[in-house]
Every structure is written in structure tokens, then in C-alpha cells.
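> quick check, what structure comes out for this input:
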Amino acid sequence: MAEYEANGVVAGEVVSARMVRGERGDRAEAVVRASEPRYQRANDVLVVAYDGESARTLAGLLQGERVRVAVSIRGREWQGRYFVNLRAEHVERVGAEASVAVAEPEPDDAPMPF
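Numbers count the residues shown, from 1 in each chain. The predicted model follows:
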């Protein structure tokens, strides 16, 4: 049986975030810079969420915050052109408070096997 998957993670710094009101409903949009400053061209990725906790979190992000966004990748063809949307499934803020919560591993007293 073949397995199909179209998801991933966008990680980086928030460039902008906003709530967009539309005729078909509201959506949250965030632009995440998913590249290091040393590169000449920024890799700014637009991530969209339509409802639920992901949309509220996405719309509430602040410029400069570091995030990891789990996304589902949606593609479609329209009039011979292909489009791809990254839909936020889970939004995680990464920063000082997150690093405090991470516990240090306890040292292992067992000898190494090699």
C-alpha cells in the first residue's frame, strides 16, 4: 500500500501576522522568515489558518517572535497554473520561556558500548 504525505514544518522569525476578513470567512496569515540572516535573499513563507486555536495563535504572533509551525501542504491546479498553500495545523512559540521548560538530561553512568 502506498503512503501519501503532504506536510512539514516552517520554523523561523515572524515578519508579520494579521487577521484577514473576507467574504468567504476570516483567516489568519503570518509571514515567517525561514532563513538565516547570512543568506542574501530572505525565504519569507506565508502560512494561513482558517479556524480554531491555530488561527487565534497565528493572528496573535508578534513581529520578531521565533516559531515552529506544523503545516499541511495543499496544492491545486487552476487554468493550467499550480498553486500551493501552507495551512497551519499547530503553532508553537520558541523562545526564552520554552528553553526554560526544557529539562537537562541526567548523566548516564553506564559505560559507552564502543
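
> how about the helices in this protein?
52-59, 96-101 (DSSP state H).

> can you tell me which of these the model trusts least?
Confidence, taken as mean pLDDT, is least for helix 96-101 of the helices of the chain (a mean of 40).

> ok, the residue lying closest to residue 71 once chain neighbours are set aside - contacts?
Nearest non-adjacent residue to residue 71, counting by C-beta to C-beta, 6 or more residues apart in numbering: residue 86, 4.3 Å away. The way it works is simple: take the backbone N, C-alpha and C, and place the C-beta from them, glycine included. Counting by C-beta atoms under 8 Å, 6 or more residues apart in numbering, residue 86 touches 8, 10, 45, 46, 47, 48, 69, 71, 72, 73, 74.

> next, work out how far apart the third one and residue 73 are.
Using C-beta to C-beta, to the nearest Å, residue 45 is found at 11 Å from residue 73.

> before we move on, what about the fourth one?
With the distance defined as C-beta to C-beta, residue 46 ends up 13 Å from residue 73.

> pLDDT-wise, which helix or strand of the chain ranks last?
helix 96-101 (a mean of 40; mean pLDDT, DSSP states H and E).

> and the buried ones among the contacts of residue 86, selectable in PyMOL?
In PyMOL, selecting the buried portion of those, with burial taken from 16 or more other C-beta atoms under 10 Å, looks like this:
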select buried, resi 10+45+47+48+69+71
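
> okay if I get the contacts of residue 86 as a markdown table plus pLDDT?
As requested, the contacts of residue 86 are exported to a markdown table (pLDDT from 0 to 100):
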| residue | pLDDT |
| --- | --- |
| 8 | 91 |
| 10 | 92 |
| 45 | 93 |
| 46 | 94 |
| 47 | 94 |
| 48 | 94 |
| 69 | 94 |
| 71 | 93 |
| 72 | 93 |
| 73 | 92 |
| 74 | 90 |
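
> for the contacts of residue 86, which one is nearest residue 93?
The closest of those to residue 93 turns out to be residue 69 (C-beta to C-beta; 10.2 Å).

> residue 8 is in contact with that closest one, correct?
No: counting by C-beta atoms under 8 Å, residue 69 sits too far from residue 8 to count as a contact (9.4 Å).

> quick check: end-to-end length of stretch 57-73?
End-to-end distance of stretch 57-73 (C-alpha to C-alpha, to the nearest Å): 19 Å.
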